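Asker: Below is the sequence, then the predicted model.
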Amino acid sequence: METTFPCASGAEPGTAQPSHRSRLAILTLGAIGVVYGDIGTSPLYAFREALAQMDPAFVGRGEILGVLSLALWALILVVTLKYVLFLSRADNHGEGGVLSLMALANHGGARPLAAILVLGAAGAALFYGDAIITPALSVLSAVEGLGSVGPVAPLITPGVVLGLTLAILVALFAFQSHGTARVAGLFGPVCVVWFVVLAGMGVLHILDEPAILGAFNPLWGVRFLLAHGTVGLFVLGAVFLTVTGAEALVADMGHFGRGAIQVGWLALVWPALSLNYLGQGAMALKALAAAHASGRAFANADWFFTMPPEAWRAPLVVLATLATIIASQAVITGAYSITSQAIALGLLPRMRIFQTSHAERGQIYMPAINWMLLVGVIVLVLAFRSSSALAAAYGIAVTGTMVITSLLAAFVLRRSWGWGWRASVLVIAPLLAIDLVFFGANVLRVAEGGWVPLLVAGFVGLLIACWMKGQRAAARAAAHRAVPLDGLAASWALRAPPIVEGTAVFLSKDNRDAPSALLHSLKHGRVLHARNLVLSVVIAEVPTIAETDRFTVTRIDEHLSRATMAYGYMDRIDLPSDLGRNWEEMQRGGGTSFYLGRNSLRRARRSRLPGWMMPIYAFLHRNAADPFAFMAIPANRVVEMGAQVEL
């Protein structure tokens, strides 16, 4: 996920360097505002949904303490130990997240492994399921809180809730094209207030029922699971809602740094969440005692919005709505980020990407992703109509991603860090076991709505598979008709074509062979530019590459050179500027033109692709964004040469 807060690279040249503590404080404030928005809104619904999995008639003191113990220990084991203390150290040159782990795992070994690529693609696909559910569930749950505000409660019908939710979501997605820089400065302070309010409300109710602190004893959770069988697993699936958003802790690490992520969690977010859940549990214990005293059965409630006095509920709903908007913003920009990484790593076709901030490379806007997410979110809101119904769909995508993250971390330990199998298993096995237990508990909820993220992930996974297989087939087809560049240079040394002034840059995936655009130029134009560069743009499996290390060039003869321009998968590509800084031939007269072969696809008699896959790949190929726009090449310097390719 992305942000506009100052990143760890330091201050601009010529400005005073802030002290380490002040920089850490600024970065921590930014992390609290962006990274923890998703997990920070879980108290709105998590405890309520966990209790809702049981028959109220069978809810007793042990059940309340057991559910709360599971929630507290999920925060300790999954978020604190796995993500904050362990995975924050498994970074790829400072960057985290499932695709960064994939790149690090493959980069560290002797050769790339298909299993690592499949895991990374699956993790990326599952993320999109999370990306459409988080805004829908978070905003729905906040707007439903209006029903707890006495004066307006009669007016808050299901239709009003849906209308307000859709209005907020449409406005949120419509704003994306302007970038988040204008509002990101408010994220940190608003979220600090949010977490302070969470902690304060929790403390007030803990004082009413101090016995709730016994939930820190993990035996309550163990006894609950042993005593309740299948129902206990359904409850565990709902308990997992307390840790949704944990992936953001490592995904945003490159922008805030490990220190800010750890300080924000340990000093504010974790204590605030724990106190609030304890407060909700204390309210449930008090309600249970009152129900038994009056001879009534225990009744589950919207515990979060009944925590403050009635006079404070309206401001709380407003604050909760702001917090859910921030949580939604984080996952939306995260979708942009993971898509741009997937494009750079070759998992998806090019899409239009707009830079919305001159100061931060991560501030981007992708129209196609934005509007597809909005459509998905609207469909979910209209289909499920309440946060309780939608909560059942939430866990599978997140737990699946966490399982994949643990498996990729195992490859990182072995291939990148050089650990032995025994040490790797001792570290990963307990983490993977916890993830699998949560995943298994959420699989039980497939029929209730868990199929939604699986359907989304399956669709994205199909597109990734078709694109990658099609690209490999196109590369093999190109290799069959390739003309070695050295041989072409030798042929015109014997019979040189006419030379015209200027520089021609021919973009090619493999600079060892003559690109089709160069061959067509010689065949039809019958002239050769004074300076010709066959250039391959390569995306490396590291987040960034220093500008001084990006360009390598080899001269073949006086008119022809081959070169490689390398970028990290998080780098912003501006090919004309980078080439002008690194290749002195660009400074000579005559102007520079960029050439690229534009291929149209035809199915061969003996196709390299299955019949059902060919139309999908052709559609993706045809609708891929213009490569020149992707590389920031001005349209008036572009020459395209058409060619037909049989696959």
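Answerer: Noted; the coordinates are in hand.
Asker: pLDDT at the closest residue in space to Ala342 that isn't next to it in sequence, what is it?
Answerer: By the measure of Cβ to Cβ, 6 or more residues apart in numbering, the closest residue to Ala342 outside its immediate chain neighbours is Leu348, 4.6 Å from it. Glycine gets a C-beta too; all of them are placed from N, C-alpha and C. For Leu348, the pLDDT comes out at 90.
Asker: my guess is Leu348 contacts Ser340, does it?
Answerer: No - counting by Cβ atoms under 8 Å, no contact exists between Leu348 and Ser340, whose distance comes to 9.4 Å.
Asker: Mind picking out the helix or strand in the chain with the poorest mean pLDDT?
Answerer: The helix or strand of the chain with the poorest confidence is helix 253-256; it has a mean of 72 (mean pLDDT, DSSP states H and E).
Asker: after that helix comes which helix or strand?
Answerer: Using DSSP states H and E, the helix or strand that follows helix 253-256 in sequence is helix 258-264.
Asker: can you tell me the helix or strand for Val161?
Answerer: Judged by DSSP H and E, Val161 forms part of helix 158-175.
Asker: Check Ala423 too.
Answerer: Per DSSP H and E, the secondary structure element for Ala423 is helix 421-443.
Asker: neighbouring contacts of that helix?
Answerer: Residues outside helix 421-443 that contact it (Cβ atoms under 8 Å, 6 or more residues apart in numbering): 74, 77-78, 81-82, 86, 233-234, 236-237, 240, 395-396, 399-400, 402-403, 405-407, 409-410, 413-414, 419, 450.
Asker: 7 Å instead?
Answerer: By Cβ atoms under 7 Å, 6 or more residues apart in numbering, the surrounding residues in contact with helix 421-443 are 77-78, 82, 233, 236-237, 240, 395-396, 399-400, 402-403, 406, 409-410, 413-414, 450.
Asker: residues touching the closest residue to Trp194 other than its chain neighbours, list them.
Answerer: Take Trp194 and drop its neighbours on the chain: the residue closest to it by Cβ to Cβ, 6+ apart is Ala323, 4.7 Å away. Shown in contact with Ala323 (Cβ under 7 Å, 6+ apart): 37, 40-41, 191, 194.
Asker: measure Ala323 to Leu51 for me?
Answerer: When distance is defined by Cβ to Cβ, to the nearest Å, Ala323 is 22 Å away from Leu51.
Asker: do Ile616 as well
Answerer: 45 Å.
Asker: Kindly report the same for Arg606.
Answerer: When Cβ to Cβ is applied, the distance between Arg606 and Leu51 equals 61 Å.
Asker: Neighbour count for the two, which is higher?
Answerer: Using other Cβ atoms under 10 Å as the criterion, Arg606 and Leu51 rank with Leu51 on top: 22 against 6.
Asker: just checking, what packs against the strand or helix carrying that one?
Answerer: Following DSSP H and E, one finds Leu51 within helix 46-52. Of the remaining helices and strands, those touching helix 46-52 by 3 or more Cβ pairs under 7 Å, 6 or more residues apart in numbering; DSSP states H and E are helix 61-74, helix 218-239, helix 270-294, helix 387-391.
Asker: deepest of the ones you listed, which one?
Answerer: For the helices and strands packed on helix 46-52, ranked by mean neighbour count under the definition mean count of other Cβ atoms under 10 Å, the leader is helix 61-74 at a mean of 24.
Asker: by contact count, what packs against it?
Answerer: If you count contacts as 3+ Cβ pairs under 7 Å, 6+ apart, helix 61-74 packs onto helix 46-52, helix 218-239, helix 270-294.
Asker: Turn those into a markdown table, columns for distance to Glu209 and mean pLDDT.
Answerer: Formatted as a markdown table, those follow (distance: least, Cβ to Cβ, whole Å; pLDDT from 0 to 100):
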| stretch | distance to Glu209 | mean pLDDT |
| --- | --- | --- |
| helix 46-52 | 14 | 92 |
| helix 218-239 | 15 | 92 |
| helix 270-294 | 4 | 94 |
